[in-house]
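predicted coordinates and the sequence they were generated for:
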Amino acid sequence: MSATQSILHIYCGIVVPSCALIPSILTLNKYSTLTFSLKIIHWFLLVGIAVNFVTRILAARYINNMPVMHVYTLFEFILLALYYKSVLQGSWIQRFVHPAIVFFAVLCVINALFFQNFFTYNTHTKSIEALFVIVMGIVCFKRELDSVAAGNKRNAALTYINAGLLIYFSGSFIWFTIYNLTWRDEKLGLIMWTVHATLLLTMYMLIAIALWKYKRPETTSTT
């Protein structure tokens, strides 16, 4: 392995995942003041950190860690679905969140049993999850723009978080949909994983900015 490849592996596998600690730490001294939606984001980060830790240990022991990723994808989807359900209170799309969770759980099982077993990378369900977040993110942005047009104040924290999620999952959707065509090419795969890691880093930084700027609103809103 060349020096450049070693650096990129460290960047993708250690540096970027570790950056999830930054927004997580920012919530420690203000967790009790966070709205419900921001608490979900906090747990979204913590679950990601825990899963990365477990997968790194398994990989170091030469144990296939893909079953962990299959389970994590479902929990990640549930957390993000509940997040958007919270921030889109009063929207017609709320009623589809719980059915979407059930539907996605069934898809995860079907995918693992018939298409991509627990010991292979679950790009199919990852792509569907990414598409779901993209749709929800667009709906959220439209609602924010409508709110601004109506003269209401924008929630900066939610705007930063939504931007981060959209940036990461939009890139992930492209990556996961072409993964099966590129994984055999080691150099191309490393480039794509580096781009993916950079998008993930961007999401972490935008969430960190959101939590750093966050101040509890005067209203009793739960979002």
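Received it, and whenever you're ready, just let me know what you need.

got phi/psi on the residue nearest to the spatial centre of the chain?
The structure's the chain has its C-alpha centroid closest to residue 165; by C-alpha atoms, centre = their mean the separation is 6.1 Å. Here is the backbone geometry of residue 165 (degrees, to the nearest 10): phi -60, psi -40.

that one touches residue 132, doesn't it?
No. Look at residue 165 against residue 132 with C-beta atoms under 8 Å: they stay out of range, at 10.8 Å. In this view, the C-beta of every residue, glycine as well, is placed from N, C-alpha and C.

any residues in contact with both of those two?
Common contact partners of residue 165 and residue 132 (C-beta atoms under 8 Å, 6 or more residues apart in numbering): residue 80.

picking that back up, which ones are touching the residue nearest to the centre of the chain?
80, 133, 137, 203.

now do the contacts for the second one.
Residues near residue 133 by C-beta under 8 Å, 6+ apart: 80, 84, 165-166, 169.

can you do 10 Å?
The contact partners of residue 133, by C-beta atoms under 10 Å, 6 or more residues apart in numbering, come to 76-77, 80-81, 83-84, 140, 162, 165-166, 168-170, 172-173.

cool, and the first one?
If a contact means C-beta under 10 Å, 6+ apart, then residue 80 has 40-41, 44, 129, 132-133, 136-137, 165, 169 as its contacts.

quick check: which element contains it?
Element membership of residue 80 [criterion: DSSP states H and E] is helix 66-87.

kindly report the same for the second one.
In the assignment (DSSP H and E), residue 133 maps to helix 123-149.

tell me which of the contacts of residue 165 is nearest to residue 61?
residue 203 (28.8 Å; C-beta to C-beta).

any idea how far the closest one is from residue 79?
14 Å (C-beta to C-beta, to the nearest Å).

tell me the predicted confidence for residue 27.
At residue 27, the pLDDT value in this model is 86.

other residues contacting the helix or strand of the chain with the lowest mean pLDDT?
Every helix and strand of the chain was ranked by mean pLDDT, DSSP states H and E. The lowest is helix 3-10, at a mean of 84. Identification of contacts with helix 3-10 by C-beta under 10 Å, 6+ apart yields 1-2, 15-16, 186-187, 190-191, 193-194, 197.

can you pick the most crowded of the residues you listed?
residue 16 (22 neighbours; other C-beta atoms under 10 Å).
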